[in-house]
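Trainee: Predicted model and sequence follow; I will ask about them next.
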Amino acid sequence: MSDLHLLLPLIAAALFVCGLLFIKQVSGKQINPWTVTFLSNLNAAIIFSFLWLLGGPGQPWQMLWQPFVIATLYVLGVVFTFNAIERGDVSVATPVFGVKVLIVAILVTFFGGQSLSMMVWIASAIAVIGIVMIQWTGSGHPRHIFMTIIFAILAACSFATFDLLVQKWAPAWGPGRFLPLIYWMVGLYSILFIPFVQFDKIFDREIRVPLFIGTFLIAFQAMFIVFTLSAFGDATRVNVMYATRGIWSVVLAWIVAKRWGGSEASVPYRWMLVRLCGAILLTAAVILAILGG
């Protein structure tokens with residue numbers, strides 16, 4: 001099998017970080033996570049509609065509860081993600097998202113009757129050290145840093161369960177039927193957010209461009225990952241490549257902040273170096289968990 005498909009999760013990792021940086025740019029404008037989630041969900045519903053052309057066997061309407069459950073997990077993951085970004089730096093939250101793979105290993109252990117290998121336990125310990133290093137270097141109120149990490153972990157839990165259920169249920173439907181249905185339901189969820197959406201912020205000249213770019217990139221990168229897993233499998237190496245977003249987040253966030261401004265710009269060099277080391281440890285923990293799981 002050609003390794004060219006591994007470029008897709010690598011691109012997705014960079015797009016994910018870039019999307020968060022655009023969204024973080026407008027977070028100081030008092031825009032709430034519900035508004036960001038609303039736009040991200042609509043973008044995802046539109047983008048994934050094109051996968052309908054891939055076709056698939058489908059399932060009876062009685063089985064629609066399966067894409068509904070997965071859509072719910074996706075929406076929760078997005079809400080937790082944007083709450084994490086609202087409260088803290090991108091370079092703090094994004095590396096923590098990488099613990100998703102460790103959570104997958106734990107879920108498989110409890111619900112799949114499998115046992116964790118020693119390598120996964122070692123990876124878990126390394127991940128804890130990485131998170132502590134990142135939290136130690138966080139700027140702002142300690143409670144905000146703590147909540148950033150909590151929301152990032154909740155997002156990782158949601159997306160970890162999302163991944164497991166997609167792997168379990170998608171084959172019977174076919175990716176061209178299952179994935180569009182999931183994201184159409186994600187789009188329908190947006191109706192629930194309308195009372196909380198700040199439409200005045202959406203149409204504000206200073207906000208709308210970075211907001212639309214950020215939410216589009218977040219939705220677009222999701223298609224790279226989900227499509228790659230559906231079309232090529234190879235979940236082990238795909239997740240290794242995607243885990244690099246933790247390192248991307250520290251490097252890109254610092255460069256962008258230094259050039260155009262941002263909260264990372266005020267973080268001392270030595271703290272950013274420690275934060276980068278924490279991100280590298282988390283990425284290494286993810287790779288160990290995947291290869292040794």
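Mentor: Looks like it arrived, so ask away.
Trainee: Skip ahead from the lowest-mean-pLDDT helix or strand in the chain and say which helix or strand is next.
Mentor: Using mean pLDDT, DSSP states H and E, the weakest-scoring helix or strand in the chain turns out to be helix 245-260, at a mean of 65. Counting by DSSP states H and E, the next helix or strand C-terminal to helix 245-260 is helix 269-292.
Trainee: Dump that following helix to CSV, keeping only the CA atoms.
Mentor: The C-alpha trace of helix 269-292 is given here as CSV (Å, rounded to 0.1, in the frame of the first residue of the first chain):
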residue,chain,number,x,y,z
TYR,A,269,11.0,32.0,25.6
ARG,A,270,11.9,29.5,28.3
TRP,A,271,8.3,28.7,29.1
MET,A,272,7.5,28.2,25.4
LEU,A,273,10.5,25.8,25.2
VAL,A,274,9.1,23.9,28.2
ARG,A,275,5.6,23.9,26.6
LEU,A,276,7.2,22.6,23.3
CYS,A,277,8.9,19.8,25.3
GLY,A,278,5.5,19.0,26.9
ALA,A,279,3.9,18.8,23.5
ILE,A,280,6.7,16.5,22.2
LEU,A,281,6.2,14.2,25.3
LEU,A,282,2.5,14.0,24.6
THR,A,283,3.1,13.2,20.9
ALA,A,284,5.7,10.6,21.9
ALA,A,285,3.2,9.1,24.4
VAL,A,286,0.6,8.9,21.6
ILE,A,287,3.0,7.1,19.3
LEU,A,288,4.0,4.7,22.0
ALA,A,289,0.4,4.0,22.8
ILE,A,290,-0.4,3.3,19.2
LEU,A,291,2.7,1.2,18.4
GLY,A,292,2.6,-0.7,21.7
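Trainee: And that helix, how far out from the chain middle?
Mentor: Remark: helix 269-292 is offset 17 Å from the chain centroid, using Cα atoms, centre = their mean, to the nearest Å.
Trainee: could you point out which element follows the helix or strand hosting Leu181?
Mentor: For Leu181, the element it lies in under DSSP H and E is helix 175-193. As assigned by DSSP H and E, the chain's next helix or strand after helix 175-193 is helix 199-202.
Trainee: Tyr242 versus Val99, what's the distance?
Mentor: Distance, Val99 to Tyr242, by Cβ to Cβ, to the nearest Å: 13 Å. Using the backbone N, CA and C atoms, a C-beta is placed for each residue, glycine as well.
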